[in-house]
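Student: give me a 3D structure for the following:
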Amino acid sequence: MFPIRDNVPTRRFALVTATLIVVNVLAFLVELLWMAEGTIDQAIYTMGIVPYEVTHTFSPQVAATFLTSMFLHGGFIHIAGNMLYLWIFGNNVEDTIGRLRFLLFYLLCGFAAAGAQVFMGPNARVPTIGASGAIAGVLGAYILMFPRARIDTVLLLWRFIRIVRLPALVVLGFWFVLQLFNGLLSFGVGGSGGIAWFAHIGGFVVGMALGPLLRPQRGVWS
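Tutor: As a prediction, the model looks like this:
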């Protein structure tokens, strides 16, 4: 199940969402340079969140990784999927709560998502990177704000590909259940393919909580 667009129009251009996408893409281009220079691993360990360092050797430099890690990605598929989700769902959430509020909301969800991942694996020494946790927060807000929205979704059925229009509640509800299932499963197998499932879960839950709180009164925009 892979969403490609929704049917909710926006009243103005989603400037913050677009800017976040541009910054993420530029950061990924820098990563490609690091890869060419052979310094990518060092950069990821320096700028990614390493749970063990957060819980055992916390410092201002470690604290900064809660921000820097949000703009790094592990490959083309990782960043492409994240940016697609951010654009589909972020523009409507930004349009609803306002630009400045959306930027604050996005960052808070990212921080909370990282905190959830650290809490569930405080001794992990593998760095966590990606905007997935912050974007999960966007999904959490979207499912409450636009539960009846229709999402054009690609379904892979054996050898056939179908594009169907499904309610946002179904698409994002399925996404969250999948994250929860894999997160719980990761306890028993000692890992889950390098995916920060609990960052996704934490970001989504925080997004559901914060989104309605940040929604301004009708006619008030920032």
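
Student: can you list contacts of stretch 143-151?
Tutor: Stretch 143-151 is contacted from outside by 3, 5-8, 88, 92-93, 96, 142, 165-169, 171-173, 176, 208, 211-212, 215, using CB atoms under 8 Å, 6 or more residues apart in numbering. Where you see a C-beta, it was placed from the backbone N, CA and C, and this is true even at glycine.

Student: what of stretch 52-64?
Tutor: Residues contacting stretch 52-64 (CB under 8 Å, 6+ apart): 50, 65, 118, 122-125.

Student: in that stretch, what's buried?
Tutor: Within stretch 52-64, the residues scored as buried using 16 or more other CB atoms under 10 Å are 53-54.

Student: so where's this structure shaky on pLDDT?
Tutor: 187-194, 216-222 (pLDDT under 70).

Student: so which residues of it form helices?
Tutor: Using DSSP state H, the helices found in the chain span residues 15-37, 40-47, 51-56, 60-68, 76-97, 99-120, 132-145, 168-189, 197-214.

Student: what sits against the residue lying closest to Leu139 once chain neighbours are set aside?
Tutor: Once flanking residues are discounted, Leu139 sits nearest to Leu172: 5.2 Å by CB to CB, 6 or more residues apart in numbering. Residues counted as contacts of Leu172 (CB under 8 Å, 6+ apart) are 139, 142-143.

Student: now those residues as CSV including neighbour count and distance to Leu180?
Tutor: Output for the contacts of Leu172, formatted as CSV (neighbours: other CB atoms under 10 Å; distance: CB to CB, whole Å):
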residue, neighbour count, distance to Leu180
Leu139, 29, 13
Tyr142, 27, 18
Ile143, 24, 14
